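In: Attaching a predicted model along with its sequence, questions to come.
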Amino acid sequence: MASRLVAIESADDPRIADFRDIRERDLTGRQNRFIAEGTVVLRMLVEASQGGGFVTEKVLLLKNRVDGVAPILERLPDDVPVYVAQAQVLDRIVGFHLHRGVLALGRREVVEAALIDRLPERSLVLVGCGISNHDNAGSMFRNAAAFKADAIFLDETSCDPLYRKALRVSVGSVLRVPYERKGTGLDVLTRLAANGFAIWTLSPRGEADIRAIPPTKRMALVVGTEGEGLPPAVLERFHSARIPQSQGLDSLNVATATGIALFAMSSAAKLI
């Protein structure tokens, strides 16, 4: 293990330029590249790299974290560099105090076949419209993984789930649940409906109790942004469901609502 470690003595070392000033780079985007932060997310990135779809390009560690992640590093290909730095150097590289001390640069591989064409005949999917909060996006992926959703479809106005905070909140589930982010919400739902999906929008004023949704071979749960919710054009066109709750409360956080609704639909479909 020691032989593959590369010591970084200066924050200006060009070999770790991808890790420099992380917060600013988060805002400008990395074109299918992303930062995995923390031991759990690193482990899931390495697993995802072995299963296809993602690649681990390089790792940057705080020196005293090496022993703790050694079993994960042993699963990396020999050509993946592992850089190690002392705390003061690492902090200057990333631009703030990084107490976790574990970073990796990952890349999402471009898959030619459309996600909808890769779904099994029996499928449960989650659709997000206008999900702009990275915490909510990460929680939605974690819920999807927990309740066996086959994929997540995000419209073009939703945030990038590979954003560092969304990835961290998802506890790496963004690397496990297949997803696609493109088109308008109506475009996404029209394609799903044409492929045999029963579309269920989630709204506090939904017509059906979420527990009463009849299971079908293909189901899609649709959630909207905090506050405004789903656009009227979406609610008017497709079935709607609600989560019964106490009077006087306007709505649930979209992350919480997604978890409850996916649990109900997954249970009805006998997926869990």
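Out: Nice, I can see it. Residues are numbered from 1 along each chain as shown.
In: The stretch 51-200 of the chain: helices as residue ranges?
Out: Taking DSSP state H, counting those that start in this stretch as the criterion, the stretch 51-200 of the chain carries its helices at 66-73, 87-94, 134-146, 164-169, 185-194.
In: do you know which of these lies nearest residue 112?
Out: Ranking the helices of the stretch 51-200 of the chain by proximity to residue 112 (CB to CB) places helix 185-194 first, at 16.8 Å. (Glycine included, C-beta is placed from N, CA and C.)
In: so how far is that closest one from its chain's centroid?
Out: On the basis of CA atoms, centre = their mean, to the nearest Å, helix 185-194 sits 21 Å off its chain's mean C-alpha point.
In: who touches it?
Out: Contacting residues not belonging to helix 185-194 are listed as 116, 125, 127, 129-130, 153, 155, 183, 199, 220, 222, 230-231, 233-234, 237-238 [CB atoms under 8 Å, 6 or more residues apart in numbering].
In: For ChimeraX, write the selection for the buried entries among the residues you listed.
Out: Remark: buried members of these, expressed as a ChimeraX selection using 16 or more other CB atoms under 10 Å:
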select :116,125,127,129,130,153,155,199,220,222,230,231,234,238
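In: Once you drop chain neighbours, what's closest to residue 123?
Out: The spatially closest residue to residue 123, leaving aside those adjacent along the chain, is residue 150, at 4.5 Å (CB to CB, 6 or more residues apart in numbering).
In: I'd like the helices of the stretch 51-200 of the chain laid out as a markdown table, including mean pLDDT, distance to residue 47 and mean neighbour count.
Out: Formatted as a markdown table, the helices of the stretch 51-200 of the chain follow (pLDDT from 0 to 100; distance: least, CB to CB, whole Å; neighbours: other CB atoms under 10 Å):
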| stretch | mean pLDDT | distance to residue 47 | mean neighbour count |
| --- | --- | --- | --- |
| helix 66-73 | 95 | 9 | 15 |
| helix 87-94 | 92 | 24 | 18 |
| helix 134-146 | 97 | 13 | 23 |
| helix 164-169 | 92 | 14 | 22 |
| helix 185-194 | 96 | 28 | 18 |
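In: Could you grab the helix/strand/coil label for residue 251?
Out: coil (DSSP: H, G, I helix; E, B strand; the rest coil).
In: Run a quick neighbour tally on it.
Out: Residues contacting residue 251 under the criterion other CB atoms under 10 Å number 17.
In: for the closest residue to it other than its chain neighbours, what are its contacts?
Out: Nearest non-adjacent residue to residue 251, counting by CB to CB, 6+ apart: residue 204, 4.7 Å away. By CB under 8 Å, 6+ apart, the contact list for residue 204 reads 229, 242, 243, 245, 250, 251.
In: Mind picking the two most distant members of the residues you listed?
Out: Going by CB to CB, the pair spanning these furthest: 229 and 245, at 14.6 Å.
In: Looking at the two, which is more packed in?
Out: More neighbours surround residue 229 than the other of residue 229 and residue 245, with 21 against 13 (other CB under 10 Å).
In: which stretches of the stretch 101-250 of the chain aren't confidently modelled?
Out: 250 (pLDDT under 70).
In: residue ranges for the strands of it, please.
Out: Ranges of strands within the stretch 101-250 of the chain are 102-108, 123-129, 151-154, 179-181, 198-202, 208-209, 218-224, 239-242, based on DSSP state E, counting those that start in this stretch.
In: can you put those in a markdown table and add distance to residue 160?
Out: Shown next, in a markdown table, are the strands of the stretch 101-250 of the chain (distance: least, CB to CB, whole Å):
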| stretch | distance to residue 160 |
| --- | --- |
| strand 102-108 | 10 |
| strand 123-129 | 12 |
| strand 151-154 | 9 |
| strand 179-181 | 7 |
| strand 198-202 | 22 |
| strand 208-209 | 32 |
| strand 218-224 | 17 |
| strand 239-242 | 28 |
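In: between those, which one is nearest to residue 8?
Out: Closest among these, using CB to CB: strand 102-108, at 11.8 Å.
In: what residues does that closest one touch?
Out: With CB under 8 Å, 6+ apart as the test, strand 102-108 has contacts from 18-19, 22, 32-39, 41-42, 45, 49, 53-62, 65, 69, 94, 162, 175.
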